[in-house]
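Q: Any chance you can model this:
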Amino acid sequence: MNASTATIAVAFGGPSPEHDVSVLTGLLAAHELAGAGRDVRALYWSKTGDWYGVDPGSEAIAFVEGVPRGAEPLRLVMGEGGGFAAAGGRLGRPRAMSIDVVVNCCHGGPGEDGSLQAAFDLAGVRYTGPDVAGAALGMDKLAFAGMAEAARLPVLARRPVLPSTTDVGFPGPYIMKPRFGGSSIGIQLVADTATALSLLASGTHYRRGAVLEPYRAELFDLNVAVRAWPALELSAIERPLRTSTGAEILGYHDKYVGGQGMASAPRELPAVLEPKVADELRACALEVARLAEVRGVARIDFLSDGESLYLNEINTVPGSLARYLWVDPPVPFLALLDAMIEEAEARPTARYSAAGADGTVLRGAAAIAAKLA
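A: Below you'll find the predicted structure:
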């Protein structure tokens, strides 16, 4: 499939704390594709989980109060011939939308944890970005750290916080993070396990669990983007800069509050690093991309003191699709999107089959009541 002739839909929003950032990313992608004359639709996923078709030329202000005016309600239909459909067709039946590929710009929550990916698989929808397994791995900070440790990649200790936790094996202070989440939402500095347990019991973002890491004041952030299509490739390395006075960690405000998501955040790009650190970071990022089977464009985040390097996490649907990192080698945003769309066709995700379920087991089961006796 040629991306220039495909019918493309851009999905954004969703019932997630990252809803607003996702709207920005989705509109950036939709505007870029529409500006290039592509056949593009915009799919808005509301905060309540409903789908709407909206104008791909919409501006961010249209979504401040929620569903914009003129939005068309949509349904995501499962099964053979499934996909997005609009109500009000002939005889009241849903009108199927002709879409070749969905560009997934849904950050955080069900848009990035495998839930949306599973729904798309069940509906037979081709999409960009991670598959179910890759999305779930990237969203679970404990599972990702376990994979990194098993692969002997450089990581800081990361341990779960449970109601019964009294000791995590290393002294405080700690960085406390939601186990499932991204974009620095809910991440904070805590002095001890007692404080962590109090937050676990009362904090909105910790309902599905939390993890603790040692707080190292001397460490700073480093990021690199990676894509696997048309070949495995890394972007330039960036060093994000903190704008919050006295901030101990890079926060949500530093990353996203600037008008264009992470694209407008302050940074040093390319980062000025010792060659040894830069080489180690690139080698580690490539290994993570292979282990996590990256699709689309991902951003891999590290921590460093200028000499040592630690893998932090992977963002499988990064803010602004990490378009701003592709300065060396230079990759225009449209080319980045085209490659993601072409990859969605060339590297399809799961397609389910009932092959092998031929009734043999059912015929030999006899009466279910006898099995339960």
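
Q: where in the protein is pLDDT low?
A: 1, 88-92, 183, 243-264, 373 (pLDDT under 70).

Q: Can you give me the domain assignment for it?
A: 7-128, 130-155+217-338, 157-215 (automatic domain parsing).

Q: Of all the ones you listed, which one is nearest residue 351?
A: With respect to residue 351, and counting by CB to CB, the nearest of the domains of the chain is domain 7-128 at 7.4 Å. Quick note: C-beta positions are derived from backbone N, CA and C, even for glycine.

Q: Can you get me the start-to-end distance on the closest one?
A: End-to-end distance of domain 7-128 (CA to CA, to the nearest Å): 14 Å.

Q: Go ahead and confirm residue 114 touches residue 143.
A: No - shown here, residue 114 and residue 143 do not form a contact pair, counting by CB atoms under 8 Å, at 11.5 Å.

Q: Overlap in contacts, those two.
A: residue 136 (CB atoms under 8 Å, 6 or more residues apart in numbering).

Q: and the two? which has more neighbours close in?
A: residue 114 (22 against 14; other CB atoms under 10 Å).

Q: residues contacting the more buried one?
A: Per CB under 8 Å, 6+ apart, neighbours of residue 114: 130, 132, 133, 135, 136, 139.

Q: Residue 114 versus the fifth one, what's the distance?
A: It refers to residue 136. Distance, residue 136 to residue 114, by CB to CB, to the nearest Å: 4 Å.

Q: And the residue positioned nearest the centre of the chain, its phi and psi?
A: Centroid check for the chain by CA atoms, centre = their mean gives residue 317 as the closest residue, at 3.1 Å. Backbone geometry at residue 317, expressed as degrees, to the nearest 10, gives phi -130, psi 80.

Q: is it true that it touches residue 103?
A: No - shown here, residue 317 and residue 103 do not form a contact pair, counting by CB under 8 Å, at 10.1 Å.

Q: Tell me which stretches of this structure form helices.
A: 19-35, 109-112, 115-123, 132-139, 141-150, 193-202, 252-256, 275-291, 333-346, 360-363, 368-372 (DSSP state H).

Q: Kindly reformat the ones you listed as JSON lines containing distance to residue 353.
A: Shown next, in JSON lines, are these (distance: least, CB to CB, whole Å):
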{"stretch": "helix 19-35", "distance to residue 353": "32"}
{"stretch": "helix 109-112", "distance to residue 353": "25"}
{"stretch": "helix 115-123", "distance to residue 353": "12"}
{"stretch": "helix 132-139", "distance to residue 353": "16"}
{"stretch": "helix 141-150", "distance to residue 353": "27"}
{"stretch": "helix 193-202", "distance to residue 353": "42"}
{"stretch": "helix 252-256", "distance to residue 353": "41"}
{"stretch": "helix 275-291", "distance to residue 353": "27"}
{"stretch": "helix 333-346", "distance to residue 353": "20"}
{"stretch": "helix 360-363", "distance to residue 353": "17"}
{"stretch": "helix 368-372", "distance to residue 353": "26"}
